[in-house]
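**Student:** My questions are about this predicted structure, shown below with the sequence.
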Amino acid sequence: VIVHETARTTTVALQATTALIMGGTGHPLLAPTDQPPFVTAYLNNAINSYIDSAAAVGTGTAGPATNADAVYTPEQFFPVAGSGTFGNSVATGLANLHNCIAVSGCVYNNDPAVTPTVGSKPPVPTDQFIVFGYSQSAVIAALAKRDLINSYQPGDPSTSFFLVADPMRPNGGILMRFKGFPTIPLLNIPFYGAAPTDSAVVNDGGTPNDPSDDTYAYPTVDVAQQYDGLGGDFPVRPLNLLATVNAIAGYVYLHGNVVNQPLTNALYQGKVGDTSYYLYPTSTLPILMPLQQIGVPKPILGFLDAPLRVIIEDAYARTVSPGTPTGISILPIGNPVALAVHLVESIPVGIDNALQDLGVGRVLGTTAPGTFGVGGPSLPVAAATTTPSKPTAGVVSSTKSATADRPAPTREPRAKVHIDRKSVV
């Protein structure tokens with residue numbers, strides 16, 4: 001059932017916090033493709049696992065949600081899902097999301113059988129909105145946020161964003177990695193660049209030189225799964241073919257389950273501008289998962305994982321913040337000396353991994369590797385906010401450390417579309 005919601009006045013005294021929730025590729029959240037039980041469960045999961053959890057840990061996003069609407073987006077991706085191309089599907093979904101934020105012609109699922117715990121009522125102009133996007137709809141959400149930033153005027157209402165498995169993640173998203181490349185013909189896949197992180201500061205907390213306590217117009221949470229190649233963790237060095245194959249395997253084995261994981265399982269990666277970044281760690285490399293499926297013993301997989309992870313992680317820019325736009329590198333190897341050293345160090349670590357899996361313990365006395373393997377960097381231990389960095393378009397030959405390079409905020413150019421809910425009556 002589809003309802004076209006038009007602008008209206010309201011006499012409700014209390015402001016609702018309405019989650020505008022979109023599905024992933026193949027899931028428009030409307031019948032006949034998606035039936036009410038699926039839509040209801042999807043809405044509840046988005047609220048319980050992401051929206052309310054993020055509000056509770058102080059990301060700056062709104063919550064808890066008090067209303068949830070399943071917003072229609074085509075979610076087509078020819079030839080994988082439907083007959084529509086990716087670019088056309090995104091454009092149609094973006095137009096409808098803007099309508100929902102403006103409360104003017106919003107298309108959403110109002111089937112009475114869709115019964116999220118918080119209820120599902122039509123959006124109204126006084127609502128505080130939270131936009132939730134997953135995979136393809138994360139692109140839609142990121143583009144909507146870009147439009148809102150470009151058309152922002154002081155006093156515009158705040159909107160929160162959740163980007164789950166976002167192909168536009170600044171450092172890791174495939175649509176940013178190849179920014180500057182032409183649109184892929186026939187499939188119509190544009191490289192949109194990076195999801196923005198530079199929305200207006202509406203309250204600096206009384207400390208103009210300290211961004212950690214700033215309140216932003218469009219606070220955002222970005223969550224990715226390690227090694228999900230099309231969901232925000234594509235290698236910066238794709239000529240490292242092992243890493244590229246691993247990222248493709250990561251999409252096959254991991255991408256579809258990212259949205260089902262609770263945010264509490266994710267590791268905090270830091271904050272850039274208005275966006276807090278999180279990563280779900282992957283304990284077994286995706287390229288080893290076929291072996292796991294056919295019954296290869298865990299100790300063997302643990303042994304193989306250590307050196308393979310060193311080679312694969314060399315294809316990533318883990319010392320660069322996930323919020324720093326980073327294009328691909330033409331170099332297949334980062335630091336060859338460091339790679340050789342870490343590869344040698346990984347052999348006894350792999351042996352200890354196997355022995356530990358056998359119940360013997362780490363006989364050689366090595367330390368269990370972290371999320372990014374032997375020699376990989378550590379994740380932040382506390383919240384820290386940095387200034388958004390200038391996007392890098394096209395091919396780059398190297399990357400810079402996010403801790404050393406903090407240029408002024410920049411924005412992706414886009415036609416301005418001002419959306420003023422205050423004037424809707």
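**Tutor:** Everything's here; your move.
**Student:** Spatially, what comes nearest to Met22 if we skip its sequence neighbours?
**Tutor:** Ser137 (3.5 Å; CB to CB, 6 or more residues apart in numbering). All C-beta spots, glycine's among them, are computed from the backbone N, C-alpha and C.
**Student:** So the one you found belongs to a helix, correct?
**Tutor:** Yes - Ser137: assigned to a helix according to DSSP: H, G, I helix; E, B strand; the rest coil.
**Student:** how far away is it from Gly93?
**Tutor:** Per CB to CB, to the nearest Å, Ser137 is found 6 Å from Gly93.
**Student:** Need the residues touching each of these two.
**Tutor:** Common neighbours of Ser137 and Gly93, using CB atoms under 8 Å, 6 or more residues apart in numbering, are 22, 73, 75.
**Student:** what's around Ile248, how many residues?
**Tutor:** 16 (other CB atoms under 10 Å).
**Student:** Sticking with it, tell me its helix or strand.
**Tutor:** Ile248 belongs to helix 241-254 when assigned by DSSP states H and E.
**Student:** Give the buried residues for whatever helix or strand comes next after that helix.
**Tutor:** Using DSSP H and E, the helix or strand that follows helix 241-254 in sequence is strand 267-272. Using 16 or more other CB atoms under 10 Å as the test for burial, strand 267-272 gives 268-272.
**Student:** Among those, give me the pair with the biggest separation.
**Tutor:** Tyr268 and Val272 (12.6 Å; CB to CB).
**Student:** Spell out which residues are contacts of both of the two.
**Tutor:** By CB under 8 Å, 6+ apart, no residue touches both Tyr268 and Val272.
**Student:** where does Ser199 land in three-state SS?
**Tutor:** Once three-state DSSP is applied, Ser199 turns out coil.
**Student:** I'd like to know how far Ala62 sits from Thr18.
**Tutor:** Taking CB to CB, one finds Ala62 at 9 Å from Thr18.
**Student:** Longest helix in this protein, please.
**Tutor:** Using DSSP state H, we find that the single longest helix of the chain is helix 336-357.
**Student:** for the record, mean pLDDT for that helix?
**Tutor:** Mean pLDDT, computed over helix 336-357, is 97.
**Student:** and it, how far out from the chain's middle?
**Tutor:** The chain centre lies 31 Å from the centre of helix 336-357; the measure is CA atoms, centre = their mean, to the nearest Å.
**Student:** go on, stretch 92-111?
**Tutor:** With CA atoms, centre = their mean, you get 21 Å for stretch 92-111.
**Student:** Name the residues of it that are buried.
**Tutor:** Here stretch 92-111 shows 92-94, 96-104, 106-111 as buried, counting by 16+ other CB under 10 Å.
**Student:** Next: stretch 292-301.
**Tutor:** Per 16+ other CB under 10 Å, stretch 292-301 contains these buried residues: 292, 299-301.
**Student:** among these, which two are most distant?
**Tutor:** Spanning the widest gap among the buried residues of stretch 292-301 are Gln292 and Pro299, at 12.1 Å by CB to CB.
**Student:** about what we covered before: which strands and helices lie in contact with the longest helix of the chain?
**Tutor:** Using 3 or more CB pairs under 8 Å, 6 or more residues apart in numbering; DSSP states H and E as the contact test, the elements touching helix 336-357 are helix 298-313.
**Student:** Does the helix it packs on pack against any helices or strands, and if so which?
**Tutor:** Looks like helix 298-313 contacts helix 241-254, helix 289-293, helix 336-357 (3+ CB pairs under 8 Å, 6+ apart).
**Student:** can you list those in JSON lines and add distance to Pro369?
**Tutor:** Conversion of the helices and strands packed on helix 298-313 to JSON lines gives the following (distance: least, CB to CB, whole Å):
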{"stretch": "helix 241-254", "distance to Pro369": "16"}
{"stretch": "helix 289-293", "distance to Pro369": "18"}
{"stretch": "helix 336-357", "distance to Pro369": "6"}
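**Student:** Go through those and pick out the most buried.
**Tutor:** helix 241-254 (a mean of 20; mean count of other CB atoms under 10 Å).
**Student:** In the chain, mark out all the helices, start to finish.
**Tutor:** Under DSSP H, the chain gives helices at 36-45, 52-56, 86-102, 136-150, 174-177, 241-254, 289-293, 298-313, 336-357.
**Student:** For Thr220, which of these is the nearest?
**Tutor:** Nearest to Thr220, of the helices of the chain and by CB to CB, is helix 136-150 at 6.9 Å.
**Student:** Just the CA trace of that closest one, in CSV.
**Tutor:** Output in CSV follows, covering the C-alpha atoms of helix 136-150 (Å, rounded to 0.1, in the frame of the first residue of the first chain):
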residue,chain,number,x,y,z
GLN,A,136,22.2,1.8,-2.2
SER,A,137,19.9,3.9,0.0
ALA,A,138,23.0,5.1,2.0
VAL,A,139,24.1,6.7,-1.2
ILE,A,140,20.6,8.3,-1.5
ALA,A,141,20.9,9.6,2.1
ALA,A,142,24.4,10.9,1.5
LEU,A,143,23.3,12.8,-1.6
ALA,A,144,20.3,14.3,0.3
LYS,A,145,22.6,15.4,3.0
ARG,A,146,24.9,17.0,0.4
ASP,A,147,21.9,18.9,-1.0
LEU,A,148,20.8,20.1,2.4
ILE,A,149,24.3,21.3,3.2
ASN,A,150,24.5,23.2,0.0
